[in-house]
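Chemist: Got a sequence here, can you build the structure:
(2 chains, ligands or ions: 2)
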Amino acid sequence: MPPSARTSGRPHVLSVLVENRAGVLARVASLFSRRGFNIFSLAVAPTDDERFSRITIVVDVESSPLEQVINQLNKLINVVAISELDPADATERELLLATVTADARVRGQVVQLVSMFAGKIVDVGVDQLTVMVAGAPAKVDDFERLVRPFGIVELQRTGRVALPRLGQPIDEPGRDG
Amino acid sequence: MKLTGAQALIKSLEQKGVEVIFGLPGGAILPVYDPILDSSIRHVLVRHEQGAGHMAEGYAHVTGRPGVAMVTSGPGATNIVTPLADAYMDSVPLVVITGQVATAAIGTDAFQECDTTGVTMGVTKHNWLITDAQDIPRTVAEAFHVATTGRPGPVLIDVPKDVSNDLVDWYWPDSVELPGYQPLTGADPALVREAAELIARSARPVVYAGGGILKARASDALGELVQRTGIPVVTTLMARGAFPDDHPLCLGMPGMHGNYTAVTAMQKSDLLIALGSRFDDRITGKLAAFAPGAKVIHVDIDPAELGKVRKPDVGIAADCRLAIEALIDALAAIGVGGGAPAAGTPGHSRPDLAPWTAQIRAWQEQFPLSYDRAAPGPPLKPQYVVEALRDNTPDDTVLVAGVGQHQMWASQYWRFRHPYTWVNSGGLGTMGFAVPAAIGAKVGRPGATVWAIDGDGCFQMTAQELVTASAERIPVKIAILNNAYLGMVRQWQEMFYDERYSEVYLSPDLPDYVGWAEAMGCVGLRVTEPEEVVPAIEKANDVDDRPVVIDFRTDAAEKVYPMVPAGASNDEIVVDPLHGQGGR
Ligand SMILES: Cc1ncc(C[n+]2csc(CCOP(=O)(O)OP(=O)(O)O)c2C)c(N)n1
Ligand SMILES: [Mg+2]
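Modeler: Ligands and ions are numbered 1, 2, ... in the order given. Presented below is the predicted three-dimensional model:
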């Protein structure tokens, strides 16, 4: 997966509160494929209220179909609420795990880079390190770019999760019929 | 009170006032068929599960109540996917119950296992797989609520066999709780006022009435709006009957095979008032060239329809009937259509609609629907047969159609006077719809005469349900316009593929429709001569104890006109050869 929603249009972050039931993710995914919408990244986890989960979807659309995406999503019976988070008004975080080639000669440089990004070394091998960096998606992009020259064995990002910034009004689109 | 899941399921259907289930049993649904024997609910045993689904649709179309179908797992479930897709496209409320393999066997590729909720996810408004028998009453209540409120549609409940056998402490929920489902009702008054202002300023308005009018039971409200404002109305294929064809302001059907006036009035309009319609590609033709000078008011209960195809100037997400009633009041408040303007609001000087209606009259006179009436046959002109049926059947006859040329002629030439007298497959265009849908309609309205106009191709897809109709004494009447072709496809091959006819010939005699009808317990008649047409219809009208099938031998060369070629602008409408090329 590429490091950020850079294809066409502006990336939109939808924070979708859904009922915590079997098959809900399949309904959301199938809706996106049927309507020809593109999911750029998707993260899903239960909320503090066990009846609900939150799906954070980064959609890649021109701004007009976004209304279609929201309206169609709203028609899913298990979707309880949708907010569009403008990246400017949201706190977004993403986590990256990477196994990096790091023999004795460069290990120090990698460790230094990780610590500059307030990351962690989570596993150590003979000439490899697995590192973790969490932060704003752009920061994580930067880290990925800087660590790449050392040689990446495997890399995995979670996709972003987001919540509205405090004190900012958020968009609550109307309910469906 | 302890009940089995199966008993609880049937009792829940009784609670919802279900009077008939269309279905066919099998292994996984067996437990649920047992309590049917003790229930007041009628069960109609179909010969193919597709028939059950279309019967439930026909029933729902004419009654406004949800149609209920019940089938087994695996092939039973997959056989009903087409009706689900059909009902989803045309917003028909259905509750379909499918058997499923026992919960422990789910995922093991057990005998007759199919991922029914997965398969039907895209063609239902919602579906449920019940894993705990105690959830049955609540789920049935939710299913009926979802199917019938907001934008209606089909839902499905998948019931594993062990769940049907488990015991339930019976209860009936007082209310349903679906935190993610709050269907809309009333219209935003500010938007309604904006819409009223647009109407008050328009000189060439057209009401573009869709199937949503019927779903919202808004025909009377629409009639009132038109009577007060004098705005002409087009009724889409799904809305035929929503506004009476004999009203001087009814322009009839727009779209690919719409009449010249309905199509052109929309093209030249300065304001389209879309009520429960969805700018289907068969209506708009080439979208970029559709009604280029028109502002759009769009009322739909489904917010996702607003701006899906054409961006409205005023989009109102609301129930059509409530929105129209609010619009009538908002118009009255600014002095349009009855009453003086409310104190403090400036009275409007509304443009005079007379030049517009005069233009419309002129189009109607210049380009009426037409065919060669001087040569009714043989072979019979299909339009002649439709007119004869129209003129020799009771006023409130329910007309059902298949899909193809015959469907278009039925919609064009019938004169609909009442809502809920037209049943057809619009969005999905499902061949084989007519026979079972007619049966379902007759079950829903046993007092009405139900005629189906079907194609020879369509008839062969679901004719076996006439066995069901005979066995259950459901006396529907089927007029086959037998042109020995997949006529609509033939028409396209003639017009757009240099008359290269590929795989469209069917034969007029194979099958022998009269012999087949008789073998299925129906009266079978064959008509080849124009003067036999009316007597045959009268004979069929007199039969009330069994179905009737009439094999009308029609002219294969006849084409449906007018026609807007696929992908062309509606300005390029081709009227019939008798009238030459339609002008701009
Ligand atoms: C299930 C299905 N298969 C194929 C089609 C494509 N199709 C549309 S109309 C038509 C021909 C219908 O033939 P017939 O029932 O004889 O009606 P006619 O057009 O001759 O009046 C076909 C094949 C369809 N609409 N539905
Ligand atoms: Mg035919």
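
Chemist: Give me the neighbour count for the residue nearest to B:A85 when sequence neighbours are not counted.
Modeler: Leaving aside its sequence neighbours, B:A85 sits nearest to B:V123 (CB to CB, 6 or more residues apart in numbering or on different chains; 4.2 Å). Placement of C-beta: from N, CA and C, glycine included. Each residue near B:V123 was counted by other CB atoms under 10 Å in any protein chain shown, and the total is 21.

Chemist: Pretty sure B:V123 sits against B:G153.
Modeler: No - using CB atoms under 8 Å as the test, B:V123 is too far from B:G153 to be in contact (9.3 Å).

Chemist: what's the overlap in contacts for these two?
Modeler: Both B:V123 and B:G153 are contacted by B:Y88, under the criterion CB atoms under 8 Å, 6 or more residues apart in numbering or on different chains.

Chemist: any idea whether B:P31 is helix, strand or coil?
Modeler: Using DSSP: H, G, I helix; E, B strand; the rest coil, the structure places B:P31 in helix.

Chemist: quick one: contacts for the residue in chain A that ligand 1 sits nearest to?
Modeler: When scored by CB to the nearest ligand atom, chain A has A:R34 as its residue closest to ligand 1, at 20.3 Å. Under the criterion of CB under 8 Å, 6+ apart, the neighbours of A:R34 are B:G122.

Chemist: Relative to ligand 2, how far out is it?
Modeler: From A:R34 across to ligand 2, the span is 32 Å (CB to the ion, to the nearest Å).

Chemist: can you give me the strands for the stretch 401-550 of chain B?
Modeler: Ranges of strands in the stretch 401-550 of chain B, per DSSP state E, counting those that start in this stretch, are B:422-423, B:450-455, B:477-482, B:523-527, B:548-553.

Chemist: Against chain A, how distant is B:H247?
Modeler: Remark: distance between B:H247 and chain A (CB to the nearest CB, to the nearest Å) = 29 Å.

Chemist: how many other residues sit next to that residue?
Modeler: Neighbours of B:H247 using other CB under 10 Å come to 14.

Chemist: tell me the contacts of it?
Modeler: B:H247 sits in contact with B:G223, B:V226, B:V233, where contact means CB under 8 Å, 6+ apart.

Chemist: what does the domain assignment say about chain A?
Modeler: The domain map for chain A lists A:3-85, A:91-161, with the assignment taken from automatic domain parsing.

Chemist: Now do the shortest one: distance to the chain's middle.
Modeler: Put plainly, it is domain A:91-161. Chain-centre distance of domain A:91-161: 17 Å, with CA atoms, centre = their mean, to the nearest Å.

Chemist: One more: stretch B:417-436?
Modeler: 5 Å.

Chemist: ditto for stretch B:16-25
Modeler: Going by CA atoms, centre = their mean, the spacing between the C-alpha centre of stretch B:16-25 and its chain's C-alpha centre is 21 Å.

Chemist: Can you list the buried residues in that stretch?
Modeler: Using 16 or more other CB atoms under 10 Å in any protein chain shown as the burial criterion, the residues of stretch B:16-25 that qualify are B:K16, B:V18, B:V20, B:I21, B:F22, B:G23, B:L24, B:P25.

Chemist: Render the CA-only coordinates of the helix or strand hosting A:D142 in CSV, please.
Modeler: If you go by DSSP states H and E, A:D142 is part of helix A:137-147. Provided in CSV are the C-alpha atoms of helix A:137-147 (Å, rounded to 0.1, in the frame of the first residue of the first chain):
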residue,chain,number,x,y,z
PRO,A,137,0.4,10.0,8.9
ALA,A,138,2.7,12.6,7.4
LYS,A,139,5.3,11.9,10.0
VAL,A,140,5.0,8.2,9.4
ASP,A,141,5.5,8.9,5.7
ASP,A,142,8.7,10.8,6.5
PHE,A,143,10.0,8.0,8.6
GLU,A,144,9.3,5.5,5.9
ARG,A,145,11.1,7.5,3.3
LEU,A,146,14.1,8.0,5.6
VAL,A,147,14.4,4.4,6.7
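
Chemist: circling back: weakest of the domains of chain A in terms of mean pLDDT?
Modeler: If you rank the domains of chain A by mean pLDDT, domain A:3-85 sits at the bottom with a mean of 86.

Chemist: Now do the helices in chain A.
Modeler: Applying DSSP state H to chain A gives helices spanning A:24-34, A:63-75, A:104-116, A:137-147.

Chemist: Output these in CSV; the columns should cover distance to B:D391.
Modeler: What follows is those, written out as CSV (distance: least, CB to CB, whole Å):
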stretch, distance to B:D391
helix A:24-34, 45
helix A:63-75, 44
helix A:104-116, 86
helix A:137-147, 70
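
Chemist: Buried by neighbour count, from the contacts of B:H247: which ones?
Modeler: For the contacts of B:H247, buried by 16+ other CB under 10 Å: B:G223, B:V226, B:V233.

Chemist: Now do the closest residue to ligand 1 within the stretch 251-400 of chain B, the pLDDT please.
Modeler: Closest to ligand 1 within the stretch 251-400 of chain B is B:P382: 7.3 Å, counting by CB to the nearest ligand atom. pLDDT, B:P382: 98.

Chemist: ok, now how distant is it from B:Y561?
Modeler: 12 Å (CB to CB, to the nearest Å).

Chemist: can you check B:I360 too?
Modeler: Distance, B:I360 to B:Y561, by CB to CB: 20 Å.

Chemist: got it, and B:R310?
Modeler: Using CB to CB, B:R310 is found at 26 Å from B:Y561.
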